[in-house]
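**Q** next one to model:
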Amino acid sequence: MRLSTPILVLGAVLFALPVPGTFVAGGIVLAIGVIARLQENDFNTD
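**A** Residues are numbered from 1 along each chain as shown. Modelled structure (predicted):
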């Protein structure tokens, strides 16, 4: 499993929680997960 997968899952969970502040935090974590996924794809050019 890629490192970005748990980051994306955590971001989605935070995004969906009905607690103040988690919407923005979830969006930030999702963005970090997407960046990590793109970076992983750049390194896997087999």
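**Q** helices of the protein, residue ranges please.
**A** Secondary structure of the chain (DSSP state H): helices located at 4-16, 22-43.
**Q** okay but Ile7 is in contact with Val29, surely?
**A** Yes: using C-beta atoms under 8 Å as the test, Ile7 is close enough to Val29 to be in contact (6.4 Å). Bear in mind the C-beta positions are built from the backbone N, C-alpha and C, glycine included.
**Q** can you count the residues close to Thr5?
**A** Thr5 sits with 13 neighbouring residues when counted by other C-beta atoms under 10 Å.
**Q** so what pLDDT did it get?
**A** Thr5 carries a pLDDT value of 90.
**Q** what separates it from Val24, distance-wise?
**A** Relative to Val24, Thr5 is positioned 22 Å away (C-beta to C-beta, to the nearest Å).
**Q** likewise for Pro6?
**A** Using C-beta to C-beta, Pro6 is found at 20 Å from Val24.
**Q** check which residues of stretch 3-17 are buried.
**A** Counting neighbours by 16 or more other C-beta atoms under 10 Å, one finds that the buried residues in stretch 3-17 are 4, 7-8, 10-11, 14-15.
**Q** save those as CSV, and put in distance to Leu38 too.
**A** Conversion of the buried residues of stretch 3-17 to CSV gives the following (distance: C-beta to C-beta, whole Å):
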residue, distance to Leu38
Ser4, 9
Ile7, 12
Leu8, 12
Leu10, 17
Gly11, 15
Leu14, 20
Phe15, 19
